[in-house]
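S.K.: Below are the sequence and a predicted model; questions follow.
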Amino acid sequence: MNDPVFEVFRRERKGQPFEHAGSVVAPDADFAEAWAREQYGRRGESVALWLVPRDQIRDVEDWADEFDLKYRRVDGYSIKARLKEARERAGTAAGDS
Amino acid sequence: MAAVEIPHDEQAFLEYVQSGGQVESTDWLPDEYRRLLIKFIEMHGNSELMGVLPEREWILKAPTLQRKLALTAKVQDEVGHAQLIYRVAEDLGKPRAAMLEDLISGKAKFHNVFHYPTYTWGDVGVIAWLVDAAAIISQKALLKCSYAPYARIMKKICWEESFHILHGRDVILAMVTGTEEQFELVQEALDRWWGPLMQFHGNPIAAADDPMYKWRIKSQGNEDARQGFLDGYVPQILELGLELHDPKLRKRNDGVWEYTEPDWDELKHVVTGHGPKTQERLALRKRFLEQEQWVRDVVLAA
């Protein structure tokens, strides 16, 4: 009797993204809906719910970076030392006058 | 951005959560962390489930229809919290049936304040206002729990608890603005509950020595929680003309509250199954668990 787990996502207000709220265990999707309505919607705290069988979720977590693509992102640039050097050279570093 | 790698090594994992990192149910978790999480979350779930029993007794005796409806809604909310919380513990590996079994056999614990009797409607007001206030201070600190699925359900729980506190405060305000007798009922209930309330956040173990803090399951130490409670609620109690009968209670110039040392022996005695109402309430829980076995059977057979 290993009932499937359904992940519950809820939308708090129209226009907002669905956010993961928790999970329910239920023999099928209809029961899962009943539990989820009761636990995540009975006080009007959600305008919509998504129920997703956990084993249907495709998990992507490994992010290979073999080619060192840091130059495409802000964390690929460390300008502090060079900026300091440039300011010193120009005589505009803080404290210089 | 590359995904943050959850360390697969106990020491590195510890440093990760101590620096504010959060983990998910699918991440690698050290055994010790998982064990402590289950213990903490299970006790929280038990407290929600047992916490409705003192209030449930008053649904039939509530003074007005409005109060009856509000109290029913609150009881429903708390049982709902137990459902959410048990689900998180279940996902960590302890089956729900085993948690309920450990609860009714007395092996698992629940919060001290739910082991005491209620005598008057004044007790119901004090529970809804101050017991919930003490609880929400602990629960708000769990919004930053290192275990993210627990932190997420706490958002919804805190949202509902804020209505409970207001409901409790409204009950208290109605009584303190009523007859002399009503005012007295509140004062007497407050006197009964002050001791257990001061014990509620636990002994003042240093945060650094508290394993639940070490793994950032809790984000504040016991004494910090108690100070937060005193700071927030003593002024609210006193402004109503109610009295707190602790001669040592005062706020120092540096902002720290002093108080008479709570009775830690009583706390230990009560939470280990020797509270005035412990056995009676566990027996009630057991009876309902057996009585409603058929519902679970029908659902699971579906």
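M.R.: It's in.
S.K.: List the beta-bridge partners for the most centrally placed residue in chain A.
M.R.: Centroid-nearest residue in chain A, with C-alpha atoms, centre = their mean: residue A:19, separated by 8.7 Å. Beta-bridge pairing for residue A:19 (DSSP bridges): residue A:10.
S.K.: need the residues of the stretch 151-300 of chain B near chain A, please.
M.R.: Within reach of chain A by C-beta under 8 Å from any C-beta of the partner chain, the stretch 151-300 of chain B has these residues: B:152, B:153, B:156, B:159, B:160, B:299, B:300. Every residue, glycine included, has its C-beta placed from N, CA and C.
S.K.: let's see 10 Å
M.R.: Residues of the stretch 151-300 of chain B lying close to chain A (C-beta under 10 Å from any C-beta of the partner chain) are B:152, B:153, B:155, B:156, B:159, B:160, B:163, B:299, B:300.
S.K.: right, and the residue nearest to the centre of chain A touches residue A:13 too?
M.R.: No - judged on C-beta atoms under 10 Å, residue A:19 makes no contact with residue A:13 at a distance of 11.3 Å.
S.K.: Give the intersection of the neighbour lists for the two.
M.R.: Contact criterion C-beta atoms under 10 Å, 6 or more residues apart in numbering or on different chains; residues shared by residue A:19 and residue A:13: residue A:46.
S.K.: just to revisit the earlier point, now intersect the residues of the stretch 151-300 of chain B next to chain A with the helices, please.
M.R.: Using DSSP state H, the subset of these located in helices is B:152, B:153, B:155, B:156, B:159, B:160, B:163, B:299, B:300.
S.K.: who are the neighbours in contact with the first one?
M.R.: I take that to be residue B:152. Residue B:152 sits next to A:19, A:20, A:21, A:22, B:22, B:24, B:84, B:88, B:143, B:145 when contact means C-beta under 10 Å, 6+ apart.
S.K.: which residues does the residue lying closest to the third one once chain neighbours are set aside contact?
M.R.: Spelled out, it's residue A:21. Nearest non-adjacent residue to residue A:21, counting by C-beta to C-beta, 6 or more residues apart in numbering or on different chains: residue A:10, 4.4 Å away. By C-beta under 10 Å, 6+ apart, the contact set of residue A:10 is A:16, A:18-22, A:36, A:40-41, A:45-50, B:156.
S.K.: Ok, residue B:51 next?
M.R.: Contact analysis of residue B:51 by C-beta under 10 Å, 6+ apart lists B:74-75, B:78-79, B:81-82, B:110-111, B:113-114, B:127, B:131-132, B:135.
S.K.: From those, list the ones also adjacent to chain A.
M.R.: residue B:81.
S.K.: what's the neighbour count on the residue of the stretch 151-300 of chain B found nearest chain A?
M.R.: Here the residue of the stretch 151-300 of chain B nearest chain A is residue B:153; by C-beta to the nearest C-beta that distance is 4.9 Å. By other C-beta atoms under 10 Å in any protein chain shown, the residues close to residue B:153 number 23.
S.K.: Mind pulling the model confidence for it?
M.R.: With respect to pLDDT, residue B:153 has a value of 94.
S.K.: Next up, the contacts around it.
M.R.: Neighbours of residue B:153 in contact, by C-beta under 10 Å, 6+ apart: A:8, A:21-23, A:39-40, B:41, B:81, B:83-85, B:87-88, B:142.
S.K.: now those residues: which count as buried?
M.R.: For these, a burial check counting by 16 or more other C-beta atoms under 10 Å in any protein chain shown picks out A:8, A:21-23, A:39-40, B:41, B:81, B:83-85, B:87-88, B:142.
S.K.: where along the stretch 101-250 of chain B do the helices fall?
M.R.: Applying DSSP state H, counting those that start in this stretch to the stretch 101-250 of chain B gives helices spanning B:121-126, B:132-141, B:148-176, B:180-199, B:211-214, B:222-238.
S.K.: so what's residue 41 closest to, chain neighbours aside?
M.R.: If you meant another chain, say so; for now it's chain A. Among residues not flanking residue A:41 along the chain, residue A:49 sits closest, at 6.2 Å (C-beta to C-beta, 6+ apart).
S.K.: My question was about chain B, not that one.
M.R.: The shortest distance from residue B:41 to any non-neighbouring residue, by C-beta to C-beta, 6+ apart, is to residue B:89 (4.3 Å).
S.K.: pLDDT weak spots in the chain?
M.R.: Picked chain A for this. Within chain A, the segments meeting pLDDT under 70 span A:1, A:95-97.
S.K.: wait, chain B
M.R.: Scanning chain B for pLDDT under 70 picks out B:1-4, B:302.
S.K.: Kindly list the longest helix within chain A.
M.R.: Criterion DSSP H: the longest helix present in chain A is helix A:29-41.
S.K.: Okay, buried residues for that helix please.
M.R.: For helix A:29-41, burial by neighbour count (16+ other C-beta under 10 Å) applies to A:31, A:32, A:33, A:35, A:36, A:39, A:40, A:41.
S.K.: ok, those vs chain B, which is closest?
M.R.: Using C-beta to the nearest C-beta, residue A:39 comes nearest to chain B of the buried residues of helix A:29-41, at 5.7 Å.
S.K.: Next, the contact list for that closest one, please.
M.R.: When contacts are counted by C-beta under 10 Å, 6+ apart, residue A:39 touches A:8, A:21-24, A:49, B:80-81, B:83-84, B:87, B:153, B:156.
S.K.: Among those residues, which pair sits farthest apart?
M.R.: Distance extremes for the contacts of residue A:39: the farthest pair is A:49 and B:81 at 18.1 Å, using C-beta to C-beta.
S.K.: By neighbours, which of the residues of the stretch 151-300 of chain B next to chain A wins?
M.R.: residue B:153 (23 neighbours).
S.K.: gap between it and residue B:142?
M.R.: For residue B:153, the distance to residue B:142 (C-beta to C-beta, to the nearest Å) stands at 9 Å.
S.K.: Name the residues contacting each of those two.
M.R.: Residues touching both residue B:153 and residue B:142 by C-beta under 10 Å, 6+ apart: residue B:41.
S.K.: What are the neighbouring residues in contact with residue A:9?
M.R.: Residue A:9 makes contact with A:17-22, A:36, A:40, A:46, A:48-52, according to C-beta under 10 Å, 6+ apart.
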